[in-house]
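> Here is a sequence together with a model predicted from it:
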Amino acid sequence: MQNSNIPQGYMKDNQGRLVPEEMVTEIDRTRDDLVREIVDKATEHSKALADFKAGVMADIEAFVQLSAERFGVKFGGKKGNVQLQSYDGEYRVVRAISDYIAFDERLQVAKELIDACIQDWSEGSRDEIKALINDAFYVDKQGKINTNRILGLRRLNITDPKWRQAMDAISESIQVSGSKSYVRIYKRQGDGSYKQINLDLAAL
């Protein structure tokens, strides 16, 4: 994977300078060759996995449509999660679609209402509740908030009208900003449980 813009007999260093090959030590050249060889193989496998995923997704979608047509149903729009299993139960294929959730400006309205609740409860409210709420609205270094923590506030059994209004504002502020699809393949083990067939290099 040699850059075609580099003149013959030269190598480019990590500062972009052209260095004559004879000035580069043998171990540096060998390391460079190894890294490039690994990158070439990784790129090839990455494309193969991407093609595999696209093909599996298309096959699953075609089967779902085929199954639906047998009942006179035609799907339209966004597709959901699907689990397919071999006849003997030995293998299982799962298509999962996860939504990315964001919040609009009404989340700030909810925060103001919650702050008003805390102010009203200041005499009797526990520090743990305040810490929980502040933690939920914490913004990380990338300017993002933890979606699960925000949504978790709705599970608190608090009946204060302002709190309920704040929870309604959170619910209405939810926006689906995108989605990502996954395919997971499982094989049944001797004890009856299912183990995922790993396609993740880091997990192998």
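Good, I have the coordinates.

> Does Ala96 lie in a helix or a strand, and which?
strand 91-103 (DSSP states H and E).

> Parallel or antiparallel, list what pairs with the lengthiest strand in the chain.
Counting residues, the longest strand found in the chain (DSSP state E) is strand 174-188. Here strand 174-188 is paired, per DSSP bridges, with strand 91-103 (antiparallel), strand 194-196 (antiparallel).

> how about low-confidence regions in the protein?
Applying pLDDT under 70 to the chain flags residues 1-4, 73-79, 122-129, 141-143, 202-204.

> Would you map the helices across it?
Taking DSSP state H, the helices of the chain run over residues 26-69, 106-121, 127-136, 147-152, 161-173.

> could those go into TSV alongside mean neighbour count?
All C-beta atoms are positioned from the backbone trio N, CA, C, and that covers glycine. Converted to TSV, these look like this (neighbours: other Cβ atoms under 10 Å):
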stretch	mean neighbour count
helix 26-69	12
helix 106-121	17
helix 127-136	13
helix 147-152	14
helix 161-173	17
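
> Figure out which of these is closest to Ser179.
helix 26-69 (12.7 Å; Cβ to Cβ).

> between the closest one and strand 174-188, how many degrees?
Using axes from the mean of the first three to the mean of the last three Cα atoms, to 10 degrees, the inter-axis angle of helix 26-69 relative to strand 174-188 is 100 degrees.

> returning to that earlier point: okay if I get the helices of the chain as CSV plus distance to Asp88?
Below are the helices of the chain laid out as CSV (distance: least, Cβ to Cβ, whole Å):
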stretch, distance to Asp88
helix 26-69, 18
helix 106-121, 49
helix 127-136, 46
helix 147-152, 38
helix 161-173, 44
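
> which stretch among those helices comes nearest Gln196?
Using Cβ to Cβ and comparing the helices of the chain, the one that lies nearest Gln196 is helix 26-69, at 14.2 Å.

> Going by contacts, tell me the helices and strands next to that closest one.
Helices and strands touching helix 26-69, by 3 or more Cβ pairs under 8 Å, 6 or more residues apart in numbering; DSSP states H and E, are strand 82-85, strand 91-103, strand 174-188.

> how about those in TSV, adding distance to Ala54 and mean neighbour count?
TSV is the format used below for the helices and strands packed on helix 26-69 (distance: least, Cβ to Cβ, whole Å; neighbours: other Cβ atoms under 10 Å):
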stretch	distance to Ala54	mean neighbour count
strand 82-85	16	14
strand 91-103	12	15
strand 174-188	10	13
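
> Quick one: closest of the ones you listed to Cys117.
That would be, of the helices and strands packed on helix 26-69 and by Cβ to Cβ, strand 91-103, which comes in at 18.6 Å.

> Run the chain-centre distance for that closest one.
Centre-to-centre, strand 91-103 and its host chain are 9 Å apart (Cα atoms, centre = their mean, to the nearest Å).
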